[in-house]
Structure formats: structure tokens, C-alpha cells
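Colleague: just to be clear, the model below is a prediction. Sequence and coordinates:
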Amino acid sequence: MSTDLERKKGLGDLPFDIERDIFELTARAFPGFAPQLALVCKYVQAWVEAVMYETVVLGAARPWTHQKSLLDTLTLRPPTFFGRTIQHLHLSTGSSDAHAELLLLGACTNLTSLTCWSTTLQPTELHSILAQSPFLRRLSVDAALLGSIADPLFPKLKLTHLEIVNPPVNADWSPLLALPSLTHLAFGELSAAHEGMPEFLTAALASTSPRLEMLIAISRSEAFLRCVEDLAEHDERLWTLESYHAPLPPTEYWEGVLRGEIDFWSKRRRDWVPRMVECFVYLETMGPGRF
């Protein structure tokens, strides 16, 4: 009863589903205003917070106030809140609070995609997180955090998309072809020193189990690109990119990820266009718990 009265007083007589669509679409299109939308009333707060926390990006040149507000919220909300709401977590470079990263990773038990380029975590810590992430399907990880890819943990993961960042020059990547659900694989950044990579890329494309739908090699090295030029011409599944964020600058790329408009694995990168978005200016005045 009180909910019905609250709705009539605050938002008029719009059908409930339409109200929800309006607030969710607005929160996605203008994430900087989402904290204000969450103040409208209790049930709108639940809708908007589900959108606000669905995708979280730390580092990646995000405003300092944005990161501080999230970390403040981490101490105020129960872990179940993050486990319920966060589905896509991106820990890019520039986030240096290892304790907060571990708390956040430990709380996010329903992740479907994870980017972990942290320079403060240890491989054992990441492996522990992966072992408790049964719904994880997409992983982008710095090779330094992988440890041994021959670890029995990896074949148990149901990863469909895997990006390995900063791969070492001399490494055997053949165990990756034991991941039964893998359909998308990426490496970057590659250089002429990665002499064995063209051979692995050839084997990966020839594999029938798993059968890759997309294989990405990120490189600015003309020498390396010449080594895979023929392979790319004869197999459209192999893509070569100059950077993970091309053709956008990094900040605009991550803003697009946050809005759910950009996907690293998209085949329509040429359609990505810069978009002016509002900054998270309201985070300074909303206070903790209102990320």
C-alpha cells in the first residue's frame, strides 16, 4: 500500500514497467546522474543501483572521486550487495589499493566477466577468485597473474572469452586449447620478439575442439604483423589490432564499456565514435554509499 501511494505522489500514473524502463535507460545513458536518480525513492533506488553497479571500472584514468566513492561504499555495504549486483568488473591499470581490490573481488561471486590488470595482486589470489566464480565466462588478465596455465584449475573454468595481456616472449600457450568452451582468444601486446606466437596462432585456428570464432593479435610491430599477414588474409577469424581500445582513446573506451555500449570482442569497431559524457561530478557531494 505504501509503495502505491509513494508512486502516485512521486511519479504519477505511469505503468510500473514503463517507470522502471525510463529510470534504467536514463541511468545507463547518463551514469553521472545515476546517484541523483537513486534519491527519488526507495524502489527507484533499487532499480538504479542495479544499473550503477552492474559494470564497475577501476583505474583506467577514471576520476579519483569515482574510485574513492566506490571504495567508501565497499566498507558500508554488505558483501551480498556486490555479489548480487556486480556482473562485470574491470580492474585496469591505475588502481593501486590491493586490499580494496581483494575485498571487491571476494564479494563479487556472480561475475560473468572480469578484467584484472592489477599490479598489486598475486597469482594465488587471482586463482582463488577464479575458483569461486562459477558464472565467469569472460576473462582479461595480465599474464603475470596467470601463474602456470597448466594449473588444473583452468580446464575446469567455463571461459568462452580469454584475453592475455603482456604475454611473455617465451611461453607455451598450447594448454589454452584444452579449455573446452573457449571461442574467443586474444593476446597483446605482441612484438617481433614473440617468435613462437605465429605458430601457436596457426595451431589455434586449426583446432576443432575448441573451435575458435575469433582470434585477436594486438601489435604495433610491423615485423610481427608481417609474420601473420598471410594467416590473417586466409582466415577471417584472425584480427590484428594496434591497441585494445582502438580506434578510441583509452578513457573513451572505458566510458563506453561502463555504459554497456562497447565490447572488446566487437567486430564493429569502425562504428565506434567518440562521445562526450558527463563526469562523475556529483560523487563529491553524494557522500559514501552513493556511488
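Modeller: Received it, and whenever you're ready, just let me know what you need.
Colleague: which residues of this structure score low on pLDDT?
Modeller: For the chain, the stretches flagged by pLDDT under 70 are 1-12, 60-68, 95-97, 273-291.
Colleague: what ranges does it have for its strands?
Modeller: 55-58, 88-91, 113-116, 138-142, 161-165, 184-190, 214-219, 238-241 (DSSP state E).
Colleague: how about those in CSV, adding mean neighbour count?
Modeller: Where you see a C-beta, it was placed from the backbone N, CA and C, and this is true even at glycine. Below are those laid out as CSV (neighbours: other CB atoms under 10 Å):
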stretch, mean neighbour count
strand 55-58, 21
strand 88-91, 23
strand 113-116, 22
strand 138-142, 21
strand 161-165, 21
strand 184-190, 22
strand 214-219, 21
strand 238-241, 17
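Colleague: ok, which of those strands comes nearest Gly260?
Modeller: The closest of the strands of the chain to Gly260 is strand 55-58. By CB to CB, the value is 6.4 Å.
Colleague: tell me the domain boundaries of the protein?
Modeller: For the chain, the structural domains run 1-52, 54-273, going by automatic domain parsing.
Colleague: follow-up on the earlier one: which of the strands of the chain sits closest to Asp13?
Modeller: Once those are compared by CB to CB, strand 55-58 is nearest, at 32.3 Å.
Colleague: list the neighbouring strands of that closest one plus their orientation.
Modeller: If you go by DSSP bridges, strand 55-58 pairs up with strand 88-91 (parallel).
Colleague: and the partner strand, how far out from the chain's middle?
Modeller: Remark: strand 88-91 is offset 4 Å from the chain centroid, using CA atoms, centre = their mean, to the nearest Å.
Colleague: residues making contact with it?
Modeller: 54-60, 101, 104-105, 108, 111-118, 140, 254, 257 (CB atoms under 8 Å, 6 or more residues apart in numbering).
Colleague: okay, that strand in PDB with CA atoms only?
Modeller: What follows is strand 88-91, C-alpha atoms only, in PDB (Å, rounded to 0.1, in the frame of the first residue of the first chain):
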ATOM      1  CA  HIS A  88      31.200  -7.100 -15.000                       C
ATOM      2  CA  LEU A  89      34.300  -6.000 -13.000                       C
ATOM      3  CA  HIS A  90      37.200  -4.200 -14.700                       C
ATOM      4  CA  LEU A  91      40.400  -3.600 -12.700                       C
END
